[in-house]
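Q: Provided below for reference: sequence and predicted model.
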Amino acid sequence: MRKYISIALGIVLLIGSFLIVKTMIANNQRPERKAKKIVKTVFIDNVKNKDIPITISANGNLVAKNKIEIFSEVQGVLQTTSKEFKAGTSYRKGETILRINNEEHYANLQAQKSNLYNAITSIMPDIRLDYPNEYDKWQAYLSSFDFNKTTPTLPEMNSEKEKFFISGRNIYTSYYNVKNMEVRLNKYIIRAPYNGILTDAIVNPGSLVRQGQKLGEFINPSVYEMEVAINANYIDLLQKGNTVKLQNLDNSKTWNGKVIRVNGKVDQASQTVKAFIQVAGKNLKEGMYLEANLVAKKEKNAYEMPRKLLINNESVFVYKDSILELIKVNPVYFKDKTVVIKGLENGTKVLSKNVPGAYEGMLVKVFNENKKEK
């Protein structure tokens with residue numbers, strides 16, 4: 001009897017254990033969750049077609065528009081002046097920049113003047129006898145002759161005989177020798193042709209200056225030119241008078257300039273055309289490296305957007321009825337970071353920021369900035 005009771009209890013325990021385990025497993029099972037469909041948020045911009053200026057980027061160094069290299073046409077010892085002949089010294093128009101010792105040349109000039117004066121004096125008796133009507137003008141010429149001033153012009157000849165007579169006495173030769181030496185005397189002093197600044201000084205006072213020797217450089221710091229090389233494809237777009245925006249390398253300063261010349265020759269090696277930009281303003285120095293943006297033309301009925309949003313250089317994503325559509329466009333000009341395109345209608349909602357993994361037909365929602373603020 002006990003044997004049957006033990007077997008029955010064992011069976012009851014097995015069944016109970018089975019039911020307990022089944023209940024525990026059933027209680028541990030979590031309800032199956034449905035995967036949520038992720039809808040990405042996009043940023044859009046409403047297309048507004050307009051006239052967009054097409055700019056050509058170039059760069060170059062500034063060079064003073066008015067710039068001269070100072071050379072000596074005479075020989076002598078360089079003398080001191082009221083200002084030091086050093087780079088950075090400024091001069092007003094007509095102010096003496098350099099003075100070269102001219103004592104030897106001045107003495108020779110005075111000797112030549114004396115020869116001319118004596119030659120005219122020696123022919124005065126002959127003029128009184130042969131050309132009495134011309135005597136007074138020659139006498140007046142001698143009276144006005146001043147060795148410390150510029151030699152006056154010879155009297156006008158009233159007849160061929162008088163002209164031949166004066167020429168036969170070598171008066172003309174002596175006169176033009178004097179005038180030549182007077183012109184050369186002026187070259188011992190170099191004056192500023194305009195208001196400017198000395199940018200290079202090679203010699204010092206007391207140095208012997210030789211004829212043809214370079215002495216320095218002088219510029220007008222108020223107006224500069226910049227030479228830039230432009231792709232030959234844009235020759236037809238470049239025009240004299242086009243406005244130009246110039247900026248330094250860190251974009252901290254800008255200046256306005258204009259195209260004043262465009263070379264008619266294409267460089268065979270680089271296939272570029274040289275254009276010259278004139279610019280004036282504060283903080284400009286010769287040799288400065290600037291970047292230029294030349295306005296070549298205006299593209300009508302166009303839209304400008306970031307280049308990274310252009311797909312395969314031919315399409316863009318637009319938002320329509322909560323999905324993305326891929327529309328083909330016509331890129332007309334590529335800039336460093338943007339592209340000018342045509343083919344989009346006004347009001348088209350185009351993506352303004354990249355969407356990772358975007359594809360045509362993708363379900364999206366538009367970012368609502370006003371809703372976020374609330």
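A: Sure, I can see it. From a predicted model like this one, the values you see are computed outputs, not experimental measurements.

Q: contacts, neighbours, all on C-alpha from now
A: Noted.

Q: quick check, Pro205 in a helix?
A: No. If the criterion is DSSP: H, G, I helix; E, B strand; the rest coil, then Pro205 is coil and not within a helix.

Q: For this protein, just list every one of the helices.
A: Secondary structure of the chain (DSSP state H): helices at 2-28, 103-130, 135-144, 160-168, 171-186, 369-373.

Q: Any idea which of these has the lowest pLDDT on average?
A: Least confidently modelled of the helices of the chain is helix 369-373, at a mean of 49 by mean pLDDT.

Q: gap between Asn368 and Lys349?
A: 14 Å (C-alpha to C-alpha, to the nearest Å).

Q: For those two, indicate the residue with more neighbours.
A: A direct count of neighbours by other C-alpha atoms under 10 Å for Asn368 and Lys349 places Lys349 higher, at 18 against 11.

Q: can I assume the more buried one is in contact with Asp321?
A: No. The pair Lys349 / Asp321 is not scored as a contact, 10.5 Å apart, by C-alpha atoms under 8 Å.

Q: Give me the most central residue, this protein.
A: The residue lying closest to the centre of the chain (C-alpha atoms, centre = their mean) is Met226, at 3.8 Å.

Q: Point out where the chain drops to low pLDDT.
A: In the predicted model, the chain carries pLDDT under 70 at residues 1-10, 12-14, 16-19, 21-37, 296, 369-374.

Q: Walk me through the domains of it.
A: Listed domain ranges for the chain are 1-29, 42-54+300-373, 55-64+221-298, 67-101+188-219, 104-186 (source: automatic domain parsing).

Q: Just checking the distance from the longest one to the centre of its chain.
A: So that's domain 55-64+221-298. Centre-to-centre, domain 55-64+221-298 and its host chain are 4 Å apart (C-alpha atoms, centre = their mean, to the nearest Å).

Q: so where's the longest strand in this structure?
A: Assignment by DSSP state E gives strand 289-306 as the longest strand of the chain.

Q: what lines up beside that one in the sheet?
A: strand 50-64 (antiparallel), strand 243-247 (antiparallel), strand 338-342 (antiparallel) (DSSP bridges).

Q: Now the last one: buried residues?
A: Yep, that's strand 338-342 we're talking about. 339-342 (16 or more other C-alpha atoms under 10 Å).

Q: neighbouring contacts of that strand?
A: By C-alpha atoms under 8 Å, 6 or more residues apart in numbering, the residues outside strand 338-342 that reach it are 52, 301-308, 329-334.

Q: Got a ChimeraX select line for the buried ones in these?
A: To isolate the buried ones among the contacts of strand 338-342 in ChimeraX, judged by 16+ other C-alpha under 10 Å, type:
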select :301,302,303,304,305,306,307,329,331,334
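
Q: Check what contacts the longest strand of the chain and list those residues.
A: 47-62, 234, 237-239, 242-249, 337-344, 352.

Q: now it: how far from the chain's centre is it?
A: Distance of strand 289-306 from the chain centroid (C-alpha atoms, centre = their mean) equals 17 Å.

Q: Just the C-alphas of that strand, formatted as PDB.
A: C-alpha atoms of strand 289-306 as PDB (Å, rounded to 0.1, in the frame of the first residue of the first chain):
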ATOM      1  CA  TYR A 289      49.200  89.600 -51.500                       C
ATOM      2  CA  LEU A 290      45.500  90.000 -52.100                       C
ATOM      3  CA  GLU A 291      42.600  87.900 -53.400                       C
ATOM      4  CA  ALA A 292      40.300  89.400 -55.900                       C
ATOM      5  CA  ASN A 293      36.700  88.500 -56.900                       C
ATOM      6  CA  LEU A 294      35.900  89.900 -60.300                       C
ATOM      7  CA  VAL A 295      32.200  90.300 -61.200                       C
ATOM      8  CA  ALA A 296      32.200  88.800 -64.800                       C
ATOM      9  CA  LYS A 297      28.500  88.700 -65.500                       C
ATOM     10  CA  LYS A 298      25.000  88.100 -64.000                       C
ATOM     11  CA  GLU A 299      23.200  84.800 -64.400                       C
ATOM     12  CA  LYS A 300      19.500  85.500 -64.700                       C
ATOM     13  CA  ASN A 301      16.700  83.400 -63.000                       C
ATOM     14  CA  ALA A 302      19.200  81.300 -61.100                       C
ATOM     15  CA  TYR A 303      19.600  79.900 -57.600                       C
ATOM     16  CA  GLU A 304      22.800  79.500 -55.500                       C
ATOM     17  CA  MET A 305      23.200  76.600 -53.000                       C
ATOM     18  CA  PRO A 306      26.000  74.700 -51.300                       C
END
